[in-house]
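Participant: dropping the sequence and predicted coords here.
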Amino acid sequence: MRNWLTGLLIIGLVSIFGCGQQKELKVAVAAPYTGGAAAFGEMIRRGAELKQKEINEAGGINGMKLTLLFEDDAGKGSEASLVAERIANNPQIVAVVGHFNSDCSLAGQEIYDRAGIVELSPGSTAVEVCEGSPWTFRNLYHDGFQGKFIAHYLDNVLTGIESVAVFFDNDAYGRGLRNAFVAEAEKIGLTLVASEAYERDSTNFKAQLTSIKAKNPDAIFISGLFTEASLIVKQGREAGITAQFFGADGVDSPDFLTVAGSAAEGTYLTTPFTFGAGGAEAKQMETNFKALHGVAPDTWAALTYDAVGMIKEALEKTYNADASIEENRKAIREHLASLDTPEEGYKGVTGLTYFDIKGDTVNKPAYVKIVKDGQFVAAEKQLSELK
């Protein structure tokens with residue numbers, strides 16, 4: 001009887017203390033899962049879930065399970081501040097993948113800095129996102145580059161473009177991208193004939209479009225998200241505007257095609273990644289994504305997939321079960337900051353990611369898509385030489 005009781009005691013102790021060896025590592029994925037930008041959030045969630053599944057099926061992170069906590073910021077800075085406080089105060093969360101909207105990344109930045117937790121964005125492109133914060137990184141280009149790129153594409157690749165009008169979302173992303181585009185457009189000799197701001201969630205653009213139509217621009221650049229861009233394009237064509245529409249990466253969502261309908265045909269846009277430019281790993285990720293979710297991945301799913309992979313690599317190399325949460329969070333930051341050369345960079349499905357001293361990605365290209373027969377396809381001509 002004594003041996004039997006002793007055996008039960010040993011089993012009980014193993015159950016209690018042995019489970020401690022099977023830790024789970026928690027990472028927050030903050031994005032707009034509701035609201036006007038929810039289509040972006042859905043793809044972000046799906047990309048993160050695929051990477052989480054692959055990591056855990058391969059044995060986790062040094063034997064520990066990766067658990068992702070999806071935090072909804074609704075694409076609004078006010079909500080992002082609340083989300084950031086919740087994340088920062090959770091002693092089990094070691095890092096943040098997010099936010100998507102630049103306003104949200106900026107709203108959370110001071111909170112993450114104070115708590116000493118990494119914010120790795122797969123979508124925020126406003127220049128100021130990585131300025132002055134040692135805890136903020138992103139794995140795509142910034143708008144200083146994107147705005148310049150679009151101006152040169154209009155000038156060098158598309159023929160007959162001499163005058164442009166700009167429609168811009170009055171937030172950090174829309175304003176910053178607009179400013180970068182206008183500065184470069186004027187520098188290279190394009191004539192700016194109109195610049196119209198709008199507020200997020202606006203639905204009626206007829207007054208601005210009437211004003212722009214009177215200026216007869218050759219092209220109209222939309223610096224904002226697909227939610228408004230789809231309506232601008234649709235209402236513009238209904239108003240008889242024949243100018244070439246050009247959007248940025250905020251337009252890169254299948255929902256743009258759904259809402260704009262036939263009016264979207266011929267619209268150009270920039271994007272940080274296209275699966276047509278990816279290698280074998282990107283093709284495999286695309287196959288696995290379709291098998292798991294039943295739909296094709298987009299740019300944001302791929303960038304998030306890589307962002308989760310970068311955090312996984314950091315944890316694999318630095319996590320110490322005996323260290324404090326503050327020490328483990330700092331170790332992740334130091335690992336990401338050490339990826340500062342092509343040789344040290346992270347090789348993901350979206351290409352090679354390495355950072356400058358500010359946390360900006362270095363030398364990641366932009367691609368151009370066009371809407372053809374109701375679908376996004378790679379534009380026939382790219383502008384690969386611009387860095």
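Facilitator: Structure's in. What do you need?

Participant: residue 31 pairs with what?
Facilitator: residue 72 (DSSP bridges).

Participant: for the residue nearest the centre of the chain, which three-state class applies?
Facilitator: The C-alpha lying nearest the average C-alpha coordinate of the chain belongs to residue 123 (C-alpha atoms, centre = their mean; 1.8 Å). With DSSP: H, G, I helix; E, B strand; the rest coil as the basis, residue 123 sits in coil.

Participant: that one against residue 100, yeah?
Facilitator: Yes. Residue 123 lies in contact with residue 100 (C-beta atoms under 8 Å); the separation is 3.8 Å. All C-beta spots, glycine's among them, are computed from the backbone N, C-alpha and C.

Participant: shared neighbours of those two, anything?
Facilitator: Jointly contacting residue 123 and residue 100 under the rule C-beta atoms under 8 Å, 6 or more residues apart in numbering are 31, 40, 44, 300.

Participant: tally of neighbours for the nearest residue to residue 345 once chain neighbours are set aside?
Facilitator: In space, and not counting its chain neighbours, residue 345 is closest to residue 354: 3.4 Å by C-beta to C-beta, 6 or more residues apart in numbering. By the criterion of other C-beta atoms under 10 Å, residue 354 has 19 neighbours.

Participant: roughly how far apart are residue 354 and residue 35?
Facilitator: Separation of residue 354 from residue 35 (C-beta to C-beta, to the nearest Å): 33 Å.

Participant: who's in contact with residue 95?
Facilitator: By C-beta under 8 Å, 6+ apart, residue 95 lies in contact with 27, 28, 117, 118, 120, 311, 314, 315, 329, 332.

Participant: spatially nearest residue to residue 265 (excluding sequence neighbours)?
Facilitator: Nearest to residue 265 is residue 371, by C-beta to C-beta, 6+ apart, at 5.5 Å.

Participant: looking at the contacts of residue 95, which are in helices?
Facilitator: Applying DSSP state H to the contacts of residue 95, the entries found in helices are 311, 314, 315, 329, 332.

Participant: using a markdown table, lay out the residues you listed together with distance to residue 57, neighbour count and pLDDT.
Facilitator: Formatted as a markdown table, the ones in helices among the contacts of residue 95 follow (distance: C-beta to C-beta, whole Å; neighbours: other C-beta atoms under 10 Å; pLDDT from 0 to 100):
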| residue | distance to residue 57 | neighbour count | pLDDT |
| --- | --- | --- | --- |
| 311 | 17 | 27 | 99 |
| 314 | 20 | 25 | 99 |
| 315 | 17 | 23 | 99 |
| 329 | 26 | 23 | 99 |
| 332 | 23 | 25 | 99 |
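
Participant: can you pull the contacts of residue 344?
Facilitator: Residue 344 touches 338, 354, counting by C-beta under 8 Å, 6+ apart.

Participant: that one should be in a helix, yeah?
Facilitator: No. According to three-state DSSP, residue 344 belongs to no helix; its state is coil.
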